[in-house]
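Colleague: just the structure for this:
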Amino acid sequence: MSTLNKVPVTVITGFLGSGKTTLISHLIRNAGGRRLAVVVNEFGTLGVDGETLKSCAIPDCPEENIVELANGCICCTVADDFVPTVEALLAMEPRPDHILIETSGLALPKPLLKAFDWPDIRSRITVDGVIALADAEAVAAGRFAPDVAAVDAQRAADDSIDHETPLSEVFEDQISCADVILLTKADLAGAEGLAAARAVIAAEAPRPLPVVDVTEGAVDPRVILGLEAAAEDDLAARPSHHDGHDDHEHDDFDTIVVELGEVDDLSALCGKIEQMARDLDILRVKGYVAVTGKPMRALVQAVGARVRHQFDRAWKPGEARQTSLVVIAEHDRIDEAAIKAALGL
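Modeller: Here you go, the predicted model:
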């Protein structure tokens, strides 16, 4: 079958908190008549991103077309989760015109692309494109990508120093696999930050890539949908640190879920999360907060020490009013007792 007869799939990747869910919410509302389906791969058992997207459901992307995979990294659970999910979406009536896959922030996109050669699905779907989101402010600050020249110089001076971190490798693999890079939170980075981020990406990319500045996920769908990249047939041009390996480890990261019950002061809780992120090197916090006396549920999202919150919907009848937060950090930095103490438990 030709690519034109296959359902196109857009893989949306990017580091934790880069804005993937915000982008997909925008695409759902601006699909240009396409009937969409969405696969969300959460890191951790609390389905915050999937729940957020389901609240955005419209006739062209109904709630049943939004599927969560929370059993582990999508690129490591191909046979158990990914393939059956795709088969179920393709069996829908009417069938989706386009599928969006939001990977977890820790997923390597290249092993996922290899899954599109799975015999049961390879004749029916194709990778329309891989979109990598990068937090412009963070990239400009050098937090997720190394200075290649400086690393080489330091390594030459001291062979015992390992300058590659798990975070940088994830970032580099996502950039290397992409067809388009979206520099998110452009408003926070400013002109100088954007220029610095573009320079970092240009240095890391294995080939020239289009880079688009984005704020709050607002990008014209024509820029990132309909690329017809057939990325599953172009793997050689998408190098990975893990080429030659059949899997990759996520033992460098860990996650815990903290239950708090109802919270009297949402701003105070956000202040505690910010301080905790600074003191304990927390990468990401996301979850729902039950605020005493408020009929609406609060959604809290933190990337490092940057914390945002909003009331997303009313609590449903019979739904337990409780605060549940997913906390993600590098494995050797996550301390459950210290996290709970920082949050007042």
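Colleague: care to break the chain down by domain?
Modeller: The chain breaks down into these domains under automatic domain parsing: 3-237, 253-342.
Colleague: check these for me and report the most buried one.
Modeller: domain 3-237 (a mean of 19; mean count of other CB atoms under 10 Å). Any C-beta I mention is one placed from the backbone N, CA and C, and that applies to glycine too.
Colleague: give the rounded mean pLDDT of that domain.
Modeller: The average of the pLDDT scores along domain 3-237 is 75.
Colleague: stretch 289-303 now?
Modeller: 89.
Colleague: so the one residue sitting closest to the centre of the chain: helix, strand or coil?
Modeller: Nearest to the geometric centre of the chain sits residue 105, at 4.0 Å (CA atoms, centre = their mean). What DSSP: H, G, I helix; E, B strand; the rest coil gives for residue 105 is coil.
Colleague: so it touches residue 19, yeah?
Modeller: No - with contacts counted by CB atoms under 8 Å, residue 105 stays clear of residue 19, the gap being 10.8 Å.
Colleague: could you pull out the strands for this protein?
Modeller: Applying DSSP state E to the chain gives strands spanning 7-14, 36-41, 66-69, 98-102, 125-135, 180-184, 211-213, 253-259, 262-263, 284-291, 296-303, 306-314, 324-330.
Colleague: put together a markdown table for those, with distance to residue 28 on each row.
Modeller: Formatted as a markdown table, the strands of the chain follow (distance: least, CB to CB, whole Å):
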| stretch | distance to residue 28 |
| --- | --- |
| strand 7-14 | 12 |
| strand 36-41 | 6 |
| strand 66-69 | 9 |
| strand 98-102 | 8 |
| strand 125-135 | 15 |
| strand 180-184 | 16 |
| strand 211-213 | 19 |
| strand 253-259 | 26 |
| strand 262-263 | 30 |
| strand 284-291 | 19 |
| strand 296-303 | 17 |
| strand 306-314 | 15 |
| strand 324-330 | 23 |
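Colleague: and of those, who's closest to residue 237?
Modeller: strand 125-135 (11.3 Å; CB to CB).
Colleague: can I get that closest one as CSV, trimmed to CA atoms?
Modeller: The C-alpha coordinates for strand 125-135 follow below in CSV (Å, rounded to 0.1, in the frame of the first residue of the first chain):
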residue,chain,number,x,y,z
ILE,A,125,-0.1,3.5,9.3
THR,A,126,2.8,5.7,8.6
VAL,A,127,4.8,8.3,10.6
ASP,A,128,3.7,11.6,9.0
GLY,A,129,6.3,13.4,11.1
VAL,A,130,8.2,13.6,14.4
ILE,A,131,7.7,16.9,16.2
ALA,A,132,10.2,17.7,19.0
LEU,A,133,9.3,20.3,21.6
ALA,A,134,12.1,22.1,23.4
ASP,A,135,11.6,24.6,26.3
